[in-house]
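What follows is a predicted protein model with its sequence.
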Amino acid sequence: MKAILVIDMQKISFTPKTPRFDTEGVVKRINLLTEFFRKNGDKVIFIQHDGAKQNECLPGTEEWEILDPLNVLKEDCIISKTANDSFYNSKLDEFLIASEVNDIVITGCATDFCVDSTIKSALTRNYNITVISNGHTTASRHGISAQMVIDLYNWIWSEMIPVNEKIKVVRFEDYIPQLV
């Protein structure tokens, strides 16, 4: 079975003070992907960061909520996390094992923090990983454009030495061409 992870697409990360690259396009692609997964009987998992340790992004607050334009359905799984790595001290691995998921598709925010940490953690757990190269986003960092950060991480993931299978890094348009 397959699952799509939608990591940290929360209101706190998408404000005028925290602009992200191609937010509208990323949201559109995630919505199309989650719809495709649901239609195929696969799992849709939204990961939400619980920032209680940092006294921000507290569960139940508006900043903690998933972006309004994302289509979250009641049958979707929502998992809370407290670290960059979506697997660390969360119920993600337990849910994936119980659901007999072997293949995960990764999308979300932020490329260079939570998305990267989750990919590396999934790799050590022997999941087959596909990253949607234009399905994750971040902000510009210390003079480096967000697009450059995204391109760099897409390259890094595609070159990693796998534990199981090589990480696939593919554009949305190549993953599900019939939806384009």
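Received it, and whenever you're ready, just let me know what you need.

got the contact list for Arg20?
Arg20 is in contact with Ser13, Phe14, Val26, Cys109, Ala110, Thr137, Thr138, Ala139, Ala146, counting by CB atoms under 8 Å, 6 or more residues apart in numbering. (C-beta placed from N, C-alpha, C; glycine too.)

Report the separation between it and Ile150.
According to CB to CB, to the nearest Å, Arg20 stands 10 Å off from Ile150.

Find the residues that touch each one of those two.
Thr137, Thr138.

Just put the contacts of Arg20 in CSV and tack on distance to Trp64, secondary structure and pLDDT.
Shown next, in CSV, are the contacts of Arg20 (distance: CB to CB, whole Å; DSSP: H, G, I helix; E, B strand; the rest coil; pLDDT from 0 to 100):
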residue, distance to Trp64, secondary structure, pLDDT
Ser13, 11, helix, 93
Phe14, 12, coil, 94
Val26, 19, helix, 99
Cys109, 14, strand, 98
Ala110, 16, coil, 96
Thr137, 18, strand, 99
Thr138, 19, coil, 98
Ala139, 19, coil, 97
Ala146, 23, helix, 98
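
Write a ChimeraX command that selects only the buried members of the residues you listed.
Provided next is the ChimeraX selection string for whichever of the contacts of Arg20 are buried by 16 or more other CB atoms under 10 Å:
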select :13,14,26,109,110,137,138,139,146
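
Out of the contacts of Arg20, which is nearest to Gly51?
Gly51 has its nearest neighbour among the contacts of Arg20 in Ser13, at 10.8 Å by CB to CB.

which residues touch the nearest residue to that closest one once chain neighbours are set aside?
For Ser13, ignoring the flanking residues on the chain, the nearest one in space by CB to CB, 6 or more residues apart in numbering is Cys109 at 5.2 Å. Applying CB under 8 Å, 6+ apart to Cys109 gives the contacts Ile7, Asp8, Met9, Gln10, Ser13, Phe14, Arg20, Val26, Val115, His136, Thr137, Thr138.

Dump these to a markdown table, plus distance to Cys57.
Below are these laid out as a markdown table (distance: CB to CB, whole Å):
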| residue | distance to Cys57 |
| --- | --- |
| Ile7 | 13 |
| Asp8 | 9 |
| Met9 | 12 |
| Gln10 | 7 |
| Ser13 | 9 |
| Phe14 | 12 |
| Arg20 | 15 |
| Val26 | 19 |
| Val115 | 16 |
| His136 | 19 |
| Thr137 | 17 |
| Thr138 | 17 |
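
and the nearest residue to Arg125 once chain neighbours are set aside, how many residues sit next to it?
The spatially closest residue to Arg125, leaving aside those adjacent along the chain, is Asp93, at 6.3 Å (CB to CB, 6+ apart). Close neighbours of Asp93, defined as other CB atoms under 10 Å, add up to 17.
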